[in-house]
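S.K.: have a look; sequence and predicted model below, questions after that.
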Amino acid sequence: MRGRNTAFIILPGRTDVVMCGIVGYIGPRKALRVVIDNLKKLEYRGYDSAGVAVVENGRPVIVKKKGKIADLESSLDGQVMDGQLGIGHTRWATHGVPSDRNAHPHPDCTGEVVVVHNGIIENYAELRRELREAGHKLASETDTEVIPHLIEANYNGSLEEAVRAAVSRLEGAYALVVISSREPDKIICVRKDSPLVIGLGEGENFVASDIPALLRYTRDTYILDDHEMAVITREGVQVKDVRTGEARPKEVFTVTWDAGQAEKGGYAHFMLKEIHEQPTAVRETLRGRLKEGGVSLPEIPEEVIRDARRVFMVACGTAYHACLVGKYLMERIARVPVEADLASEFRYRDPLIGPGDVMVLVSQSGETADTLAALREGRNRGAHVVAITNVRGSSIDREADAVIHTLAGPEIAVASTKAYTTQLVALTLLALRFAEVRGGDREQIAALVEGLKNLPELVQEVLDTEDEIKELARKYSSSDDVFFIGRGLDYAVAMEGQLKLKEISYIHAEAYAAGELKHGTLALIEAGVPVVALVTQPDLYEKMVSNITEVRARQGRIISVVYDDDEKAREFSDEMIRIPRTDPLLAPVLAVVPLQLLAYYVAVERGCEVDKPRNLAKSVTVE
Ligand code: AGP
């Protein structure tokens with residue numbers, strides 16, 4: 001896999017979005033201690049609840065709680081568990097709010113089969129109905145809970161066969177780990193689209209969703225691939241194709257990273273890891289939302305969309321820049337008037353928002369004080385409040401009338417990257433839904449739905465040009481000032497590009513509507529000043545070229561972001577960053593990626609603290 005600027009062995013397979021933490025153990029040690037210790041190695045990613053299950057005196061004992069592992073441990077105080085088979089889980093909620101009963105592990109009706117899961121079961125509603133009709137009692141709101149009941153329903157003396165039968169009914173992404181007191185000599189796990197790693201020991205074996213949870217005990221691992229299952233006993237590990245049952249030979253992958261590097265999946269920083277998670281984050285956010293020629297957004301009642309007078313999109317920072325794209329898309333595709341506003345400004349201007357208006361709050365953390373205050377202002381004035389957030393159970397998630405979740409997984413780096421691109425995806429889905437309901441152009445809607453389907457692969461294509469961006473960064477890392485210019489959607493992306501650069505490299509950067517240059521800023525352009533020019537909007541192409549010409553006439557250096565089939569770009573560019581062609585309305589998702597990488601590598605060149613830039617916090621929970 002390209003792009004990991006380290007000397008480490010590269011993990012095979014796609015960069016996966018690991019939302020939840022999974023661990024499992026079988027061997028001579030007390031499983032509870034091993035499971036808790038290994039879960040703690042996964043805390044860095046963020047979670048909202050935790051749980052363990054240990055087979056004790058012939059039965060699985062489950063202890064699970066909303067909150068941190070420390071809360072789980074205090075509720076375990078005094079409980080002696082000597083069992084040597086156990087699993088554990090830290091949950092990043094996707095279906096069902098954070099709560100004790102939604103925490104994993106989840107049992108079947110008998111309590112003898114217990115499962116932890118990372119991923120999303122798309123057809124869980126149908127399976128829940130089917131299981132309930134068959135008499136199964138489901139206790140949580142989660143998608144995961146259908147799995148132990150499906151295993152129970154298919155159990156005929158072989159846990160392995162029952163798991164295979166259950167998995168054959170699942171649609172979506174899953175990393176599953178299953179134990180049962182019926183067969184307490186094994187752990188069974190299955191992987192599809194969510195990572196699972198087996199830790200190989202002497203007379204003991206381990207499983208985890210991520211390598212850091214294994215390193216205390218072993219560096220020898222099997223990395224499971226999609227559609228593989230493993231039957232893990234103390235003595236050994238059998239890997240099979242879960243669909244056919246055929247054995248799959250696996251090579252031992254020995255981890256050479258230290259614990260710190262392992263948390264970053266082998267990347268030098270969380271920011272770079274999260275930039276590379278974007279193909280999967282975009283894929284997960286789209287999952288289940290695209291249907292033939294349209295989109296599925298049941299969270300927002302049709303009448304709210306149909307009757308909406310205006311839309312207000314309100315946020316801070318990067319999320320606000322996403323709103324600038326959202327405004328453009330909503331007005332262009334659905335022909336609905338949109339105001340995009342900074343949350344810190346919105347609530348102090350006695351906003352003209354009221355009943356019949358729809359307010360869209362965008363927030364990765366769901367806790368930004370200004371955005372939360374804006375939500376309350378809009379709701380108090382009668383607007384229907386929709387949130388786009390990455391964190392289930394956050395304040396904004398809980399207080400909105402409807403929520404569209406980005407499924408980027410935990411974003412650790414202060415500089416927001418995968419949250420931004422998944423916010424763009426969510427806003428595009430919203431604009432398309434509005435267009436569908438309000439009689440938009442069906443052909444345009446269908447074309448954009450097709451374009452969305454290809455985005456994950458196209459984002460990966462941009463990531464594959466990382467080495468060229470790295471070279472560019474090295475060339476311009478000593479600049480004092482960098483300007484970003486664009487028109488239309490390119491101007492919105494220029495706003496995000498300048499923020500990325502300045503917030504982690506501390507270089508002064510500014511974005512300008514390209515047409516504005518001659519109204520003042522051009523005075524700052526002199527020989528060698530780098531100007532990043534985004535040129536992805538065909539209807540504004542010629543205008544952009546003339547603005548670029550103005551810059552070059554003052555010896556400014558043009559770094560253009562253009563489509564890879566743009567033959568003319570060479571004529572007006574000192575440097576070119578090429579992205580694959582897509583519908584111009586979807587171009588922001590691709591155009592921002594090289595700007596993220598440019599900011600990252602400039603910051604690395606300048607020796608900056610990339611993941612934790614000075615003066616900044618990941619979530620600004622104060623006004
Ligand atoms: C983005 O790189 C910044 N860290 C910051 O602007 C951030 O986007 C802003 O604080 C909003 O945060 P939120 O999305 O969690 O509300």
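M.R.: It's in. Bear in mind that the values here come from a model prediction, so they are computed numbers and not experimental data.

S.K.: rest of the way, CA atoms for contacts and neighbours
M.R.: Fine.

S.K.: name the residues of the stretch 401-550 of the chain found near the ligand, please.
M.R.: 414-416 (C-alpha under 6 Å from any ligand atom).

S.K.: could you identify which of those residues has the most neighbours?
M.R.: For those, neighbours were counted using other C-alpha atoms under 10 Å, and residue 415 has the most, 28 neighbours in all.

S.K.: ok, that residue touching residue 500?
M.R.: Yes. Using C-alpha atoms under 8 Å, residue 415 is in contact with residue 500, at 6.7 Å.

S.K.: okay, and the common contacts of those two?
M.R.: Common neighbours of residue 415 and residue 500, using C-alpha atoms under 8 Å, 6 or more residues apart in numbering, do not exist here.

S.K.: tell me where the stretch 401-550 of the chain has helices.
M.R.: Using DSSP state H, counting those that start in this stretch, the helices of the stretch 401-550 of the chain run over 418-437, 442-463, 466-476, 489-505, 541-552.

S.K.: what are the buried residues along the third one?
M.R.: Which is helix 466-476. Going by neighbour count (16 or more other C-alpha atoms under 10 Å), the buried part of helix 466-476 is 466, 469-470, 472-474, 476.

S.K.: ditto for the second one
M.R.: Of the residues in helix 442-463, 445-446, 448-452, 455-456, 458-460, 462-463 count as buried by neighbour count, 16+ other C-alpha under 10 Å.

S.K.: would CSV of the residues you listed with pLDDT be doable?
M.R.: Formatted as CSV, those follow (pLDDT from 0 to 100):
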residue, pLDDT
445, 97
446, 96
448, 97
449, 97
450, 96
451, 97
452, 98
455, 98
456, 97
458, 98
459, 98
460, 98
462, 98
463, 98
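
S.K.: quick check: residues of the stretch 201-350 of the chain near the ligand?
M.R.: 316-319.

S.K.: ok, of the residues you listed, which come out buried?
M.R.: 316, 318-319.

S.K.: what's the closest of those residues to the ligand?
M.R.: The closest of those to the ligand turns out to be residue 318 (C-alpha to the nearest ligand atom; 3.7 Å).

S.K.: now do the contacts for that closest one.
M.R.: Here residue 318 is in contact with 416, 420, 496, 499 (C-alpha under 8 Å, 6+ apart).

S.K.: in PyMOL, how would I select the buried members of those?
M.R.: Listed next is the PyMOL selection for buried residues among those, using 16+ other C-alpha under 10 Å:
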select buried, resi 416+420+496+499
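
S.K.: need the max-distance pair from the contacts of residue 318.
M.R.: Taking C-alpha to C-alpha as the measure, the contacts of residue 318 span a maximum distance of 12.1 Å, between 420 and 499.

S.K.: any idea how far the closest residue to residue 458 other than its chain neighbours is from the ligand?
M.R.: Nearest residue to residue 458 in three dimensions, chain neighbours excluded: residue 580, at 6.5 Å (C-alpha to C-alpha, 6 or more residues apart in numbering). Relative to the ligand, residue 580 is positioned 24 Å away (criterion: C-alpha to the nearest ligand atom, to the nearest Å).

S.K.: now residue 348
M.R.: From residue 348 to the ligand the distance is 18 Å (C-alpha to the nearest ligand atom).

S.K.: in a helix, that residue, correct?
M.R.: No. Looking at residue 348 with DSSP: H, G, I helix; E, B strand; the rest coil, it is coil, so not inside a helix.

S.K.: tell me the contacts of it?
M.R.: Counting by C-alpha under 8 Å, 6+ apart, residue 348 has no contacts.

S.K.: for it, give me phi and psi.
M.R.: Main-chain torsions, residue 348, degrees, to the nearest 10: phi -100, psi 10.

S.K.: give me the local confidence score for it.
M.R.: pLDDT recorded at residue 348 is 93.

S.K.: for residue 622, same thing?
M.R.: pLDDT, read off for residue 622, is 68.

S.K.: and the lowest-mean-pLDDT helix or strand in the chain, how far out from the chain's middle?
M.R.: Counting by mean pLDDT, DSSP states H and E, the weakest-scoring helix or strand in the chain turns out to be helix 259-263, with a mean of 74. Offset of helix 259-263 from its chain centre (C-alpha atoms, centre = their mean, to the nearest Å): 20 Å.

S.K.: buried stuff in it?
M.R.: 259, 261-263.

S.K.: quick one: which of the residues you listed is nearest the ligand?
M.R.: Among those, and counting by C-alpha to the nearest ligand atom, the member closest to the ligand is residue 263, at 20.4 Å.

S.K.: now residue 387: which helix or strand?
M.R.: Residue 387 is part of strand 384-389 when elements are defined by DSSP states H and E.

S.K.: repeat that for residue 576.
M.R.: Short version, using DSSP H and E: residue 576 is in strand 575-579.

S.K.: by contact count, what packs against the next helix or strand after that strand?
M.R.: Following strand 575-579 in sequence order, the next helix or strand is helix 587-605 (DSSP H and E). Under the contact criterion of 3 or more C-alpha pairs under 8 Å, 6 or more residues apart in numbering; DSSP states H and E, helix 587-605 touches helix 270-276, helix 418-437, helix 442-463, helix 466-476, helix 489-505, strand 575-579.

S.K.: of all these, which one is nearest residue 389?
M.R.: Per C-alpha to C-alpha, nearest to residue 389 of those: helix 418-437, 7.9 Å.
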